[in-house]
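Trainee: got a structure for you, letters missing:
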């Protein structure tokens, strides 16, 4: 498989896309106050920006398949680490706090 040549015009378009995504992220971060959706939208925008930086500015498009596979495995391990951490916190059993005994007057009096 032939590697893709990334030219200057591709990097300019990627830079403009990064500026647009950063502006969108800023506007949605200050204006959007959903309960759940804002995190998903922010993470989606961040994933798009990460892909653009990897593909165009770190020349992943021009690398052989083995280099791309190494990056994908690293990302998969990072996602696995985050998922296992979230699962650990979500499945912990929280015990109620011990009730402290009421102070008796005989204890405090001498």
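Mentor: Cool, the structure landed. Small disclaimer: the values here were computed from a predicted structure and weren't measured.
Trainee: Could you list the low-confidence segments of the chain?
Mentor: In the predicted model of the chain, residues 1-3, 100-110 satisfy pLDDT under 70.
Trainee: if you set the cut-off to 90 instead, what comes out?
Mentor: Residues of the chain meeting the criterion pLDDT under 90: 1-7, 26-43, 58-63, 92-110.
Trainee: Give me the neighbour count for residue 56.
Mentor: 20 (other Cβ atoms under 10 Å). Backbone N, C-alpha and C define where each C-beta goes, glycine included.
Trainee: give the contact list for the nearest residue to it once chain neighbours are set aside.
Mentor: Spatial nearest neighbour of residue 56, chain neighbours left out: residue 14 (4.0 Å); criterion: Cβ to Cβ, 6 or more residues apart in numbering. Each residue near residue 14 by Cβ atoms under 8 Å, 6 or more residues apart in numbering is listed here: 52, 55, 56, 57.
Trainee: Return the subset of those lying in helices.
Mentor: residue 52 (DSSP state H).
Trainee: and the contacts of residue 14 as JSON lines, adding distance to residue 79?
Mentor: Converted to JSON lines, those look like this (distance: Cβ to Cβ, whole Å):
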{"residue": "52", "distance to residue 79": "19"}
{"residue": "55", "distance to residue 79": "18"}
{"residue": "56", "distance to residue 79": "22"}
{"residue": "57", "distance to residue 79": "22"}
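Trainee: So which of the contacts of residue 14 sit within strands?
Mentor: Using DSSP state E, the subset of those located in strands is empty.
Trainee: buried subset of the contacts of residue 14?
Mentor: 52, 55, 56 (16 or more other Cβ atoms under 10 Å).
Trainee: Which residues are in contact with the second one?
Mentor: Which is residue 55. Taking Cβ under 8 Å, 6+ apart, we find residue 55 in contact with 14, 61.
Trainee: cool, the first one as well?
Mentor: Under the criterion of Cβ under 8 Å, 6+ apart, the contact partners of residue 52 comprise 14, 17, 18, 21.
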